[in-house]
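1. Just a sequence and a predicted model for now, questions to come.
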Amino acid sequence: MSSEPTVTAPGTPATPPGHVTAVKQAGAGSDLPTPIVDVRDLEVHFRSRRALRAVQTVKAVDGVSFTIAAGETLGLAGESGSGKSTIARTLVRINRPTAGSVTVAGQDTTRMQRDELRRYRRRMQMVYQDPYDSLDPRMTVLEAIGEGLSVRGVARASHRRETERLLDRVKLPASLVSRYPHQLSGGQRQRVSIARALAVSPEVIICDEAVAALDVSIRAQVLNVLKDIQDDLKLSYLFISHDLSTLRFIANRVAIMYAGRLVEYGTSGQVFGDPRHPYTKALIAAVPTIGGRVGGPRIGLSGEPPDPAKLPPGCAFHPRCPLVQDICRSDCPVLRPKQGGQAAACHMAPDAPAGEVPV
């Protein structure tokens, strides 16, 4: 199977009304800080070609909106195939959006040409799940980090000193500068990846399952390093993870995705303390803890996530939902403010009182 993104020509209508409009209107006039990242009605569709079959459109991301403020961490969670990594790749323009906009520090990245993209990518960097795949095995630590320093305009004579400074920031000894990736542990390789991202002085770092491949003890160390860096440099993070306990620790706000759409969006305290969408409740209840579960009794979900090329009518979650009603099978719910302050896309969750603004 091969695929390519579909691109909507300028002037083509974007997301059908109702996906996230209620949330954007409710947030207008609030005291939230000005976002450094503003994603509105983002769609990323792919055309899949299969032998002896008609071309299908896969709606990997379908009408997603969110913001990230300076110095803030937005956590993005959901099952595999929900569209999390597609959003990350679209933010750095590896994928082209089908519709919608991605604005970073006031610049619309969806309209940037090659030279503009080169300058833009200095502002937004990615840290991937597997550092062994993302680091060139033929490059030493000095050479890998030095590439970013060269992009930033640092003289080659200063590369070793700057590399040692960056290694110290990620809590690694300067003696590692001459080592190759295979000579490092998994935790060390991931910290080198973080240092390499910092080499170009970015404003936003996307962590795509950045600690998922690490042992629990090493994971905690890397998370603490990321928090210390954020405190010092006021960086913004988009932190993608399937591990909700990790997001509870590091994220200021949390967005839950299902089948290419946001189904719940709010502060970490709101989403983890009083989830409104049944999918969010099931994810939180599945987090094991000593002495009981975070979200109370386990909520069993039958079936599997839907095929993004053949989404069911109405709410995409309804075939697995324990609260399903007839309206769920016919009408797609809108992401709107709910009681408790967050936004959720669920017909069964009570709406917030008029005038209540979600965070």
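-> Everything's here; your move. Residues are numbered from 1 along each chain as shown.

2. Every contact and neighbour count from this point should use C-alpha atoms.
-> Noted.

3. contacting residues around residue 120?
-> residue 109 (C-alpha atoms under 8 Å, 6 or more residues apart in numbering).

4. mind checking how far it is from residue 282?
-> Note on residue 120: its distance to residue 282, by C-alpha to C-alpha, to the nearest Å, is 38 Å.

5. ok, now residue 329?
-> 20 Å.

6. neighbour-wise, which of these two wins?
-> residue 282 (20 against 16; other C-alpha atoms under 10 Å).

7. Am I right that that one falls within a helix?
-> Yes - with DSSP: H, G, I helix; E, B strand; the rest coil as the criterion, residue 282 is assigned to a helix.

8. show me the contacts for residue 105.
-> Counting by C-alpha under 8 Å, 6+ apart, residue 105 makes contact with 35-37.

9. out of those, who has the most neighbours?
-> residue 37 (24 neighbours).

10. just to revisit the earlier point, which member of the contacts of residue 105 is positioned nearest residue 241?
-> Residue 241 lies nearest to residue 37 out of those, by C-alpha to C-alpha, at 18.9 Å.

11. Is the closest one located within a helix, as I assumed?
-> No - read with three-state DSSP, residue 37 is strand and lies in no helix.

12. pLDDT wise, what is it at?
-> Note on residue 37: pLDDT of 94.

13. Disregarding residues adjacent in the polypeptide, which is nearest to it?
-> Nearest residue to residue 37 in three dimensions, chain neighbours excluded: residue 104, at 4.6 Å (C-alpha to C-alpha, 6 or more residues apart in numbering).

14. Now the one you found. Its backbone dihedrals?
-> When read as degrees, to the nearest 10, the backbone of residue 104 gives phi -120, psi 120.

15. which residues touch it?
-> Residue 104 touches 36-38, counting by C-alpha under 8 Å, 6+ apart.

16. pLDDT below threshold where in the stretch 251-359 of the chain?
-> Low-confidence segments of the stretch 251-359 of the chain, defined by pLDDT under 70: 289-300, 354-359.

17. Determine the longest helix present in this protein.
-> Longest helix of the chain, by residue count under DSSP state H: helix 216-233.

18. Counting neighbours, which bits of stretch 339-356 end up buried?
-> Neighbour counts over stretch 339-356 (16 or more other C-alpha atoms under 10 Å) mark 339-349, 351-352, 356 as buried.

19. cool, and stretch 60-76?
-> 60-76.

20. do the same with stretch 308-315
-> Using 16+ other C-alpha under 10 Å as the test for burial, stretch 308-315 gives 308-309, 312, 315.

21. nearest to residue 46, of the residues you listed?
-> residue 309 (9.2 Å).

22. what about the closest one, distance to residue 184?
-> 41 Å.

23. what do you get for residue 323?
-> In terms of C-alpha to C-alpha, residue 323 sits 49 Å off from residue 184.

24. neighbour count winner among the two?
-> Ranked by neighbour count (other C-alpha under 10 Å), residue 323 and residue 184 place residue 184 first, with 15 against 11.

25. Give the helix, strand or coil label for the residue lying farthest from the centre of the chain.
-> Of all residues in the chain, residue 157 has its C-alpha farthest from the mean position, at 36.5 Å, by C-alpha atoms, centre = their mean. Classification of residue 157 using three-state DSSP returns helix.

26. ok, now residue 305?
-> coil.

27. What is the burial count for the residue nearest to it when sequence neighbours are not counted?
-> Of all residues not flanking residue 305 in the chain, residue 259 sits nearest, at 7.1 Å (C-alpha to C-alpha, 6+ apart). Per other C-alpha under 10 Å, the neighbour tally for residue 259 reads 26.

28. now do residue 331
-> For residue 331, the count of nearby residues is 13 (other C-alpha under 10 Å).

29. now swap in residue 215 and tell me
-> Residues lying near residue 215 (other C-alpha under 10 Å) number 11.

30. any idea of the pLDDT on it?
-> 87.

31. Can you give me the separation between it and residue 350?
-> 40 Å.

32. Repeat that for residue 59.
-> Separation of residue 59 from residue 350 (C-alpha to C-alpha) stands at 28 Å.

33. about what we covered before: go through the buried residues of stretch 308-315 and name the one nearest residue 207.
-> Set against residue 207, the nearest of the buried residues of stretch 308-315 by C-alpha to C-alpha is residue 308 (23.9 Å).

34. secondary structure class for the closest one?
-> Quick answer, by three-state DSSP: residue 308 is coil.

35. Helices along the stretch 101-250 of the chain, start to end?
-> For the stretch 101-250 of the chain, the helices defined by DSSP state H, counting those that start in this stretch occupy 114-120, 131-134, 141-152, 159-169, 186-198, 216-233, 244-250.
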